[in-house]
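>>> What shape does this take:
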Amino acid sequence: MGRLKHMHTVPAGYLRAFRDPSADREEPHVWRYERQCDTPQLLVVGDASVKKNIYTLWTETGPPDLSVETKLLKQGAEDGFPELITLLESRKQPSGWGWRRLSRFMAFQLLRTPRSFQLIRDACASEAGELGRNDPQLIMATLAPKFENYICQMDWLLLSNRSDFAFVTSDNPVTMWANRGTCFEGGVGFCDPDLLVLLPLSPKLCLATVQTPALLASVMKDFASGGEDEGSFLKEYDLSVVCADLMVEGVVRHNKVTVANADRYAYACCNEDRLKAFMTDCFIHRPAPVRRDDRLPIGSPRNAG
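As a prediction, the model looks like this:
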């Protein structure tokens, strides 16, 4: 076996936007809150969300292949991301393909986390199939263009935080959810007519995308064709982007969705009393998400009861 390599399941370039500006450190640091721990940690952004060899492709005889992380993820989904956030925070508009940096990042971030890989394994186990060691990584690479096409068919809202309460993010920063009136439901799919997708971009900026008839039609077409149509290739779209402001009530609501979707960690730019109280009420010692189909913990055997 080759040397173990730490790989970023949430890119350090993304987490840099959530750094604590008051931390007197040479490198950017972020506050990491943990579901099962009362005390947050101030960590270097590069150490905040890593897992050993999660994207490594293993061969029988040759050296480990690291191209998924070094080429597909870094060059395809991460390069230029910090600069894009700086541009958006200045209230300037990127080019059309600048917006596509966001859609590509969202697509890969939906698929690249340990939870996503485990859900792939769970789905395979439920169908009595065999999953190869490299299959989750290869499935991620196959599904990402399709997910990006889906996201581009949604209506986009770029939300500016006009309050003094910061947006937070998590180890699963992209949340697919639906507003059910008196509550919200996480983990919904692209075929849900009430689908919303949420991605905090910085303490002052968040991207939300909203279901559209065009997307529903596209998803139904993919299902009818067995997913074998041209939907797996990237297409050009005339994106609909609307800018809006949020006050504190909206920021708190979006933060609740974000931390509910977290697996183990939430990340924030500060450790002030109000944020600690929010984390205590909404995140710390709260259960992590479960599989939608049977409500059992992700990674647990099916039909355990």
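>>> List the contacts of Leu87.
Pro94, Gly98 (C-beta atoms under 8 Å, 6 or more residues apart in numbering). In short, each C-beta sits where N, CA and C put it, glycine included.
>>> Pretty sure it sits in a strand.
No - read with DSSP: H, G, I helix; E, B strand; the rest coil, Leu87 is helix and lies in no strand.
>>> Look up the pLDDT of it for me, please.
For Leu87, the model assigns a pLDDT of 92.
>>> Kindly report the same for Glu236.
Value for Glu236, per-residue pLDDT: 81.
>>> what's the burial count for it?
Glu236 is flanked by 9 other residues according to other C-beta atoms under 10 Å.
>>> you'd agree it is in a strand?
No - the assignment for Glu236, made by three-state DSSP, is coil rather than a strand.
>>> measure it to Val242 for me?
Note on Glu236: its distance to Val242, by C-beta to C-beta, to the nearest Å, is 20 Å.
>>> Now do the contacts for Trp177.
Counting by C-beta under 8 Å, 6+ apart, Trp177 has contacts Phe184, Glu185, Gly186, Gly187, Val188, Leu195, Leu196, Val197, Leu198, Val257, Asn261.
>>> bridging residues for the second one?
I take that to be Glu185. Ala178 (DSSP bridges).
>>> So it sits against Thr175, correct?
No - counting by C-beta atoms under 8 Å, Glu185 stays clear of Thr175, with 10.8 Å between them.
>>> if you count what's nearby, which of those two comes out ahead?
Thr175 (26 against 14).
>>> Ignoring the adjacent residues along the chain, who's closest to the more buried one?
Of all residues not flanking Thr175 in the chain, Asn261 sits nearest, at 4.0 Å (C-beta to C-beta, 6 or more residues apart in numbering).
>>> how many neighbours does the one you found have?
Using other C-beta under 10 Å, Asn261 has 22 other residues around it.
>>> do the same with Ala268
25.
>>> Quick check, it in contact with Ala23.
No - judged on C-beta under 8 Å, Ala268 makes no contact with Ala23 at a distance of 12.0 Å.
>>> Now for the residue nearest the centre of the chain: which residues touch it?
When the chain is reduced to its mean C-alpha position, the nearest residue by C-alpha atoms, centre = their mean turns out to be Val174, at 2.8 Å. For Val174, the contacting residues are Met106, Gln109, Leu110, Val197, Leu198, Leu199, by C-beta under 8 Å, 6+ apart.
>>> Top of the residues you listed by number of neighbours, please.
Met106 (25 neighbours).
>>> thought that residue was touching Val197?
Yes - counting by C-beta under 8 Å, Val197 is a contact partner of Met106 at 6.8 Å.
>>> picking that back up, of the contacts of Val174, which is the nearest to Ser90?
Leu199 (18.7 Å; C-beta to C-beta).
>>> Could you look up the SS state of Asn172?
Applying three-state DSSP: Asn172 is coil.
>>> which residues does it contact?
Counting by C-beta under 8 Å, 6+ apart, Asn172 has contacts Thr113, Arg115, Ser116, Asn261, Ala262, Asp263.
>>> Spit out the residues that contact Met106 and Val197 alike.
Common neighbours of Met106 and Val197 (C-beta under 8 Å, 6+ apart) are Ile151, Val174, Thr209.
>>> circling back: can you tell me which of the contacts of Val174 lies nearest to Ile85?
Looking across these and measuring by C-beta to C-beta, the closest to Ile85 is Leu199, at 11.0 Å.
>>> Check which helices and strands whichever strand or helix holds the closest one sits against.
Assigned by DSSP states H and E, Leu199 belongs to strand 195-202. Here strand 195-202 touches helix 81-89, helix 96-111, strand 175-179, strand 205-210, helix 248-261, going by 3 or more C-beta pairs under 8 Å, 6 or more residues apart in numbering; DSSP states H and E.
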